[in-house]
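Undergrad: build me a model:
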Amino acid sequence: MPPHLTNLRLLFSSANHHITTLPASSNLLSSSFPLFSQPKIQSLQLPRRIFPNTLRFFTTFSSYSRKPRRSSNRNSSSSPFSSTKQHRNSSTSNTRGRDNNFNNQKGGLSMELEKEAGSADNALESTFVYNKKRADGSEKKDLPRKTLELKVRKLNPINTICYVQILGTGMDTHDTSPSVLLFFDKQRFIFNAGEGLQRFCTEHKIKLSKIDHIFLSRVCSETAGGLPGLLLTLAGISEEGMSVNVWGPSDLKLLVDAMRAFIPNAAMVHTRSFGPASDSSALVTPAKDVFSDPVVLIDDEVVKLSAIILRPSQAAEGSSTKKPGSQEADEHLVEQLSSSISKPRAEPSTKPGDLSVIYICELPEIKGKFDPKKAAALGLRPGPKYRELQLGNSVKSDRQDIMVHPSDVLGPSIPGPIVLLVDCPTLSHFKDVSSVQSLSSYYAGISGNSSSRTVNCVIHLSPSHVTNTIEYQKWMSRFPEAQHIMAGHEMRNIEVPIIKSSARIAAQLNYLCPQFFPAPGIWSLQHLKDIASDLRASSEGPFSDLCESIPAQNLLKFHLRPITQLGLDRSGIPDSASQSEIVDELVSRIPEITEASKQVSQLWLQNGKNERMSEQAKELPTEEPWLHNNELPACLEGVTREDLEIVLLGTGSSQPSKYRNVSSILLNLFSKGSILFDCGEGTLGQLKRRFGVDRADEIIRDLRCIWISHIHGDHHTGLARILALRRDLLKGVPHEPLMVVGPWRLKRFLDAYQRLEDLDMQFLDCKHTSESSLAALDSNEVDLAPKAAINCEDIKDADRIRSQDQKIDSTLFAKGSRMQSYFKRPGSPAENAMVYPLLKKLMKVLREGGLQALISFPVIHCPQAYGVMLKAADRTNGAGKTIPGWKIVYSGDTRPCPELVKASKSATILVHEATFEDGLIEEAIARNHSTTKEAVEVGASAGAYRVILTHFSQRYPKIPVFDESHLHNTCIAFDMMSVNLADLPLLPRILPYIKLLFRDEMAVDESDDMNDIAAVA
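TA: This is a model prediction of the structure:
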């Protein structure tokens, strides 16, 4: 065997885990599952922490065959509980949807293992191990309630370092608003928290634990989509957790109310809204007109930070019949704005989501130098009075009967720098900007304004269709001394990927296997140069000289302190690396990769010709004979490349990392639309990285359904941004609301969020998409159709039934109860009447997509956690033969369980979570996740043709730890991986090449890097 292959086997093998040998009892071993024969053993080996003597033991879903290092019993290697050594420390402080107090729970270990009997294929029964309290939601009740710490830092009035910096979230994808960092020695302020902020900070080692305040310029998915994940991450830092001050206009209260559906209240106790409020609990400035004067939010010795609230002009919006955003509408609005620059502001009514903010950051002036000679001449003796004068206080002379003022002994003061952050999202908001009187003191060159304050920097978050108008340019010219930085969504801001680590991995995988890892849809560097050239040519217009500005760049700084460095700093802007440069570096590091790339291409050539593999292609870096098994399932007969493509948009768990985003899977049906399974934070950005900005918008328009597995943040916090964009893209176009299928708790969040902005969707509970529900719809076995009017009592009864169902769901896993008891519980007549039209619409949507059924089934993870099966309709070939439709199963987050095995029977593709390596079986059980081997064996027991492993713990930065000996029909998922149905036979064959690509990588816990984010200050 070649040396590098030996190293690979060592790298991807797990060491043995420390175990305790306990006497085995024959009744503890399950032999009712014939797919996994139980070997004869003399002792049963159980992880010590998970199986104390006081607990009962039950067999796991699979048998572990690794020989433990420190066992004196040689036969114990076949124990169903023996597991490999933990690769590294399994505890991590940054979690989401996981137990942060696994080792420190009140009263010792609060995990209860429960025996749950179920049927697989109505014939096989087995026992499964899982954390009952986590599954039924009672685990949190045993934990002490957290009071999250809010950091109070000692301020440094001198502030030797201060700057504003562009955090380029969304610059390469136009999916979210960029953020801005205001940095002080002892304080950090972030403006806007769009999706991807956490991932960006991980990439660039910006410590989120140092952030003291977050300010939102608007409250919507574009500016606040990353806030839920950020709050959850801060709450999980250390045992105590952390909180942060969050500021925004009064709409912020609506967002907070929606987030309560899945975020602890303790994480949001420091949210503060300002401006007009419909609730007295909001912070309202006691002014006659809250829209006239700035709202002072912070005023201390370090910074004064104020907010000016903007509202859209109803007159400007309502007087034009042109399509909003069109050139005609913009020109019409500009005419109105030109005539209203000097007019008083109107008082239009506002609706949620309309408010926008201009933030004014003013640093204190720098006192002039103290002159001791002048002080002595005025009769002062050296001492404490010198200090008082330097602090700005007047003192009495020691020798003369006079008062000495600071101006008598200090040189001229240097005014403090001023920064404006302007978010004017529409031209109808600009009418407010141009007429607001409280900004007049910052304008230069206005007659009668001798005390105007100089603005040093203006950061424009406004979009280009606003900033490019002549009226906006004229307004910008009122700040002639300021450096204008254009940070809105402009074509000239599109550049190489902001998340460079992920882009580098994607480029390397694309070089190795472009069939499964297509080139990202981002702009090439040459294309960027062409855009820049075109923009320079077009900028020579009639008003190009009105105001000079520069485009924002990722990590661009504007220094405010020390005053000698006042101005721009481009030294931190990351270097651009082209794909060819990345590939050259890869070939230099792994010379064998060139030949491997050729062999991968040869695989497709031979597969297309349907010939046996050539001798060269047989010399794969592996010895597994199963790679040459060419037997195809019937559903793949005659399949084309336009039938189905599975795009893994996010393959990590818990929280975004620089290499893997959180869960999301796109099922691309090409001309028939697409479906999303799960929608973690940053899903829209991933879509745009994979397909390009324009093509991604087309996919969003053509979405047919979004299915959400459960309400942990890493699976649904990107949903609102997707729905909001689809709403905007289809504005003015006849269309149906998008169908969202998910657990009922998700509906609570969506209903509350829609008070903030319309999401243009309809919701269907996963419970109602069970196999029995859909069968009843077709056979009319259950009275689903409404036959009479529904009165108020029916509605109240439906709410009462749903409330009871919640309680039933919380005891779903109680001993003696079947897991699917709640799932199969019939609803009330009122509930059935409401569900019936939604089910009919779902079936219509599926038929239009060439699909037969979408079936949800319960899994073991948390309350209301589901997996899903998607079945394509049968088709007929040219010879009249009926070809069965393909079948895709997605596990969601789960322990191995009977419902999943049953749903996955004969699946074409099983996409299964594999959060932990085999050596961390105890942690997998504690958190109700699966190990790599368990996921593979679920697929084997169900007879799945191909298994794709995903949802890896972020402790595995690039590639998870796995034992390749049992991955005969399996592949490891990566972000942006695209698996076409026609390429399924070749899917496992690329795994040896992927191992070659990552042969030098060590499985180092990314939390070492990510805790640069999460380290407690």
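Undergrad: and Leu684, helix, strand or coil?
TA: The three-state label given to Leu684 by DSSP: H, G, I helix; E, B strand; the rest coil is helix.
Undergrad: quick one: it and Ser664, what's the gap?
TA: Taking Cβ to Cβ, to the nearest Å as the measure, Leu684 falls 9 Å from Ser664. Glycine gets a C-beta too; all of them are placed from N, C-alpha and C.
Undergrad: ok, now Glu917?
TA: For Glu917 relative to Ser664 (Cβ to Cβ), the value is 23 Å.
Undergrad: that older thread, so what's in contact with Leu684 and Ser664 at the same time?
TA: Common neighbours of Leu684 and Ser664, counting by Cβ atoms under 8 Å, 6 or more residues apart in numbering, are Gly718.
Undergrad: quick check: Leu846 touching Leu854?
TA: Yes: applying Cβ atoms under 8 Å as the test, Leu846 and Leu854 come out as touching, 6.0 Å apart.
Undergrad: which residues are in contact with both of the two?
TA: Contact with both Leu846 and Leu854 is made by residues Cys705, according to Cβ under 8 Å, 6+ apart.
Undergrad: helix or strand: which one has Tyr472?
TA: Here Tyr472 sits within helix 470-476, counting by DSSP states H and E.
Undergrad: helix or strand right after that helix?
TA: strand 483-486.
Undergrad: okay, the helix or strand following that following strand in CSV with CA atoms only?
TA: Once the chain leaves strand 483-486, the next helix or strand it forms, by DSSP H and E, is helix 500-512. Extracted in CSV, the C-alpha atoms of helix 500-512 (Å, rounded to 0.1, in the frame of the first residue of the first chain):
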residue,chain,number,x,y,z
LYS,A,500,-12.4,33.3,1.7
SER,A,501,-11.8,30.0,3.6
SER,A,502,-14.9,28.4,2.2
ALA,A,503,-14.2,29.8,-1.3
ARG,A,504,-10.8,28.3,-1.2
ILE,A,505,-12.1,24.8,-0.3
ALA,A,506,-14.8,25.2,-3.0
ALA,A,507,-12.1,26.0,-5.6
GLN,A,508,-10.0,23.0,-4.6
LEU,A,509,-13.0,20.7,-4.8
ASN,A,510,-14.0,22.1,-8.1
TYR,A,511,-10.5,21.4,-9.5
LEU,A,512,-10.7,17.8,-8.3
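Undergrad: got a list of what Tyr386 touches?
TA: 370, 372, 375, 380.
Undergrad: can you check Leu421 too?
TA: Leu421 is in contact with 180, 191, 217, 358-359, 361, 458-459, 461, counting by Cβ under 8 Å, 6+ apart.
Undergrad: what do you get for His460?
TA: By Cβ under 8 Å, 6+ apart, the contact list for His460 reads 422, 424, 467, 476, 484-488, 549.
Undergrad: point out the least confident one among those.
TA: Lowest pLDDT within those is found at Gly488 (85).
Undergrad: what number of residues lie near that one?
TA: The tally of other residues near Gly488 (other Cβ atoms under 10 Å) stands at 24.
Undergrad: could I get the phi/psi values of the residue lying closest to it once chain neighbours are set aside?
TA: Of all residues not flanking Gly488 in the chain, Pro463 sits nearest, at 4.6 Å (Cβ to Cβ, 6 or more residues apart in numbering). The phi/psi pair for Pro463 (degrees, to the nearest 10) reads phi -70, psi 160.
Undergrad: tell me the spacing between the nearest residue to Gln390 once chain neighbours are set aside and Glu913.
TA: In this structure, Gln390 finds its nearest non-sequential neighbour in Phe370, 5.4 Å apart by Cβ to Cβ, 6+ apart. Here Phe370 is placed at a distance of 66 Å from Glu913 (Cβ to Cβ).
Undergrad: of the two, which one has the most company?
TA: Using other Cβ under 10 Å, the more surrounded residue of Phe370 and Glu913 is Glu913, with 28 against 15.
Undergrad: in a helix, Val587, correct?
TA: Yes: assignment of Val587 by three-state DSSP places it within a helix.
Undergrad: re the thing from before, quick check: buried residues in the helix holding Tyr472?
TA: The neighbour-count check on helix 470-476 (16 or more other Cβ atoms under 10 Å) flags 471-476 as buried.
Undergrad: then stretch 221-239?
TA: Residues 221-237 are the ones in stretch 221-239 that count as buried (16+ other Cβ under 10 Å).
Undergrad: and these, which of them are in helices?
TA: 221-224, 227-235 (DSSP state H).
Undergrad: farthest-apart pair in those, please.
TA: Largest separation among these by Cβ to Cβ: Glu222 and Ala235, giving 23.7 Å.
Undergrad: on that earlier part again, next, count neighbours for the residue nearest to Gly488.
TA: Pro463 has 20 nearby residues by other Cβ under 10 Å.
Undergrad: correct me if wrong: it contacts Asp423.
TA: No: under the criterion of Cβ under 8 Å, Pro463 makes no contact with Asp423, lying 9.6 Å away.
Undergrad: any chance you could map the strands in the stretch 601-750 of the chain?
TA: Taking DSSP state E, counting those that start in this stretch, the strands of the stretch 601-750 of the chain run over residues 645-650, 664-668, 674-679, 703-707, 738-742.
Undergrad: need these in CSV with mean neighbour count and mean pLDDT, can you?
TA: Below are the strands of the stretch 601-750 of the chain laid out as CSV (neighbours: other Cβ atoms under 10 Å; pLDDT from 0 to 100):
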stretch, mean neighbour count, mean pLDDT
strand 645-650, 24, 98
strand 664-668, 24, 98
strand 674-679, 26, 98
strand 703-707, 22, 97
strand 738-742, 24, 98
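Undergrad: out of the ones you listed, flag the one nearest Arg999.
TA: Comparison of the strands of the stretch 601-750 of the chain against Arg999 by Cβ to Cβ identifies strand 645-650 as nearest, at 22.2 Å.
Undergrad: sheet partners, orientation included, of that closest one?
TA: strand 664-668 (antiparallel), strand 977-980 (antiparallel) (DSSP bridges).
Undergrad: could the ones you listed be laid out in CSV, adding distance to Leu556?
TA: Below are those laid out as CSV (distance: least, Cβ to Cβ, whole Å):
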stretch, distance to Leu556
strand 664-668, 30
strand 977-980, 33
